[in-house]
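Student: output the structure for:
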Amino acid sequence: MMLLGSLLAVGSQAAFAAPDWSKVPKRDIHVFHPGVSPMEWVGKKSDHSGTAGLKKGETCVGCHEEKGALNFDFKRLAGKDMEPKGAPKTMNYPVAVQAAYDASNLYIRLTFKAPAGGADQSDKENEVKATVMFPDAQVQLANQAGCWASCHNDARTMPGADDKKTKYVKAGSYQLMQWKSAKGAKVANGSVTTERKMDGGTLGAQAEGSKSGDTYTVTFTSKNPGEGKAVPFGIAIHGDHSTGRFHHVSLGYTLGVGADGDVKALKQ
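Tutor: Model prediction:
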């Protein structure tokens, strides 16, 4: 979904005790270019064959992930109807996700190769942005659809939409943390709440990122949400200087903190 407007930048804080990532299992999550498929499209049965399943409580992952890969019709997603401006050369790729926690903090590490060949290079400062979003229980389809509830057909970079309108939700809120690759841009925290409104985030997150060859590694550190919880989340990668909807996003997954989940955080 689209990059939020003015995010609250967070300065450097005291260093955290980083996990031993060599001992933390990896779970590949494939991100994909969604084209113009906002929440309105997802909920329209004539456009999206999975609408009936969602109304029954099925998850997007349960329908679209098979043997660790996505079963989308990528030719359709790259077509003019679903992507009128032009699809990226790479429609989907894996992001290795690792998670760990201790008494105070949750650590999430993303490792990925962000491909070139995008159709939009509007962000001149940042080659890459990496975002993790957490919906609360009041967000529509919070446990089923990841960040889709915050993406609408009237938000910026959608065809004919308002360039000043960013993410919003009808109920509840998303907390997010984002790392930018530009020099000096460490991390931003924010929240998506009701239409046209964005407040400061409460995650108190830090982020560190690096690039080795063609591989990015981004590590987020935020408050521990509480042991014994399975937390819904989604990720988005803006690669090749892209902005707005011209990103690659995940479906909705769960992060188990001392609990079962699609990604299980290892206790340190």
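Student: quick check: buried residues in stretch 133-149?
Tutor: 133-136, 139-142, 144-149 (16 or more other C-beta atoms under 10 Å). Using the backbone N, CA and C atoms, a C-beta is placed for each residue, glycine as well.
Student: and which of the residues you listed is nearest to Leu255?
Tutor: Of all these, Leu255 sits closest to Phe134, with 8.4 Å by C-beta to C-beta.
Student: got the confidence number for the closest one?
Tutor: Reported pLDDT at Phe134 in the predicted model: 93.
Student: and the helix or strand harbouring it, which strands flank it?
Tutor: Counting by DSSP states H and E, the element that carries Phe134 is strand 129-135. On the basis of DSSP bridges, the sheet neighbours of strand 129-135 come out as strand 174-180 (antiparallel), strand 229-238 (antiparallel).
Student: run the chain-centre distance for the longest one.
Tutor: So that's strand 229-238. Centre-to-centre, strand 229-238 and its host chain are 6 Å apart (C-alpha atoms, centre = their mean, to the nearest Å).
Student: list the buried residues for it?
Tutor: Buried residues in strand 229-238, counting neighbours by 16+ other C-beta under 10 Å, are found at Ala230, Val231, Pro232, Phe233, Gly234, Ile235, Ala236, Ile237, His238.
Student: any chance of these in CSV with distance to Gly160 and pLDDT as columns?
Tutor: Compiled in CSV, the buried residues of strand 229-238 are given as follows (distance: C-beta to C-beta, whole Å; pLDDT from 0 to 100):
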residue, distance to Gly160, pLDDT
Ala230, 38, 94
Val231, 35, 94
Pro232, 31, 94
Phe233, 31, 95
Gly234, 26, 94
Ile235, 28, 96
Ala236, 23, 95
Ile237, 26, 96
His238, 22, 96
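Student: look up how far Val231 lies from Asp260.
Tutor: Distance, Asp260 to Val231, by C-beta to C-beta, to the nearest Å: 12 Å.
Student: so how far is Val263 from Ala100?
Tutor: Applying C-beta to C-beta to Ala100 and Val263 gives a distance of 11 Å.
Student: low pLDDT regions in this protein?
Tutor: Applying pLDDT under 70 to the chain flags residues 1-16, 183-203.
Student: and with 80 instead?
Tutor: Where the chain drops to pLDDT under 80, the residues are 1-17, 45-46, 183-204.
Student: so which residue is smack in the middle of it?
Tutor: Geometric centre of the chain, nearest residue: Ile235, 2.1 Å, by C-alpha atoms, centre = their mean.
Student: what's across from that one in the sheet?
Tutor: Beta bridges link Ile235 to Val132, judged by DSSP bridges.
Student: quick one, strands of the stretch 1-150 of the chain?
Tutor: For the stretch 1-150 of the chain, the strands defined by DSSP state E, counting those that start in this stretch occupy 8-9, 27-32, 65-66, 69-70, 92-101, 105-112, 129-135.
Student: I'd like these laid out as CSV, including distance to Met158.
Tutor: As requested, these are exported to CSV (distance: least, C-beta to C-beta, whole Å):
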stretch, distance to Met158
strand 8-9, 25
strand 27-32, 17
strand 65-66, 26
strand 69-70, 22
strand 92-101, 21
strand 105-112, 25
strand 129-135, 18
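Student: so for Leu255, which of those sits nearest?
Tutor: strand 92-101 (5.8 Å).
Student: how far off strand 27-32 does that closest one point, in degrees?
Tutor: 140 degrees (axes from the mean of the first three to the mean of the last three C-alpha atoms, to 10 degrees).
Student: what helices and strands are in contact with strand 92-101?
Tutor: Contacts defined by 3 or more C-beta pairs under 8 Å, 6 or more residues apart in numbering; DSSP states H and E place strand 92-101 against strand 27-32, strand 105-112, strand 229-238, strand 253-257, strand 263-267.
Student: this completes my enquiry, with thanks.
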